[in-house]
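>>> Show me the folded form of this:
(one chain, ligands or ions: 1)
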Amino acid sequence: MKIFCVGRNYVAHAKELGNDVPEEPVIFMKPKSALLQSHTPFYYPEFTNELHYECELVLRISKNGKYIQEKHASKYYNGITVGIDFTARDIQNQLKEKGLPWEKAKAWDNSAVIGKWIDIKPELNKKDINFCLYKNKELVQQGNSANMIFSFDSIIAHISNYFSLNIGDLVFTGTPAGVGECVVGDDLEGFIEDESLFELSIK
Ligand code: ZN
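Take a look at the predicted model:
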């Protein structure tokens, strides 16, 4: 199982971190060990002093494929949820400054959190999905798939030019603006529309 992540897929988020708006999807990966298993506590990692949440829509790959055309891409995923791409922002800034890879900031154990899956039905309008994140019962991030620079289908097509997609792979589709810090004791809760899909406390 592989976890693909898209960086800078919302204009307002690219700008809040001082990045250019990309001309093609920015893709990075997390290993299988990055996925927080259900009923497992999340511990604040010891190597960072600036842990950030990034709330994102996540897709579940349901069919193996390579060189997938965008017009066929919707046949390759069948579930959606909301998740967190946890980021050690201090580490990422150091790595970015030196032009080094991001894994130590993004791909560590339990850095990928996902909620309960929602099966994608044909009537779902994939270009109008609201999602949001609450921290300690306060709304901190709010997004809509309409504001993505690269749509689900274009992301799937793009990834598949480089990597084969396999059943069970996950795709984090990027975070909207409003990323921020969390500390031990914070409670995070993620929603698609008004359905709560995960709750997590930072230990
Ligand atoms: Zn992200």
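>>> Spell out which helix or strand contains G143, please.
Element membership of G143, judged by DSSP states H and E, is strand 138-144.
>>> With just CA atoms, put the next helix or strand after that strand into PDB.
Of the helices and strands lying after strand 138-144 in sequence (DSSP H and E), the nearest is helix 152-160. Extracted in PDB, the C-alpha atoms of helix 152-160 (Å, rounded to 0.1, in the frame of the first residue of the first chain):
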ATOM      1  CA  PHE A 152      -9.300  14.300  -8.300                       C
ATOM      2  CA  ASP A 153      -9.200  12.900 -11.800                       C
ATOM      3  CA  SER A 154      -6.300  15.000 -13.000                       C
ATOM      4  CA  ILE A 155      -4.300  14.000  -9.900                       C
ATOM      5  CA  ILE A 156      -5.000  10.300 -10.400                       C
ATOM      6  CA  ALA A 157      -4.000  10.600 -14.100                       C
ATOM      7  CA  HIS A 158      -0.800  12.600 -13.300                       C
ATOM      8  CA  ILE A 159       0.300  10.200 -10.500                       C
ATOM      9  CA  SER A 160      -0.200   7.200 -12.700                       C
END
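>>> pLDDT on helix 152-160, on average?
Averaged over helix 152-160, pLDDT sits at 98.
>>> what comes up buried for it?
In terms of neighbour count (16 or more other Cβ atoms under 10 Å), helix 152-160 has its buried residues at F152, D153, I155, I156, A157, H158, I159, S160. C-beta here means a position set from N, CA and C on the backbone, and glycine is covered the same way.
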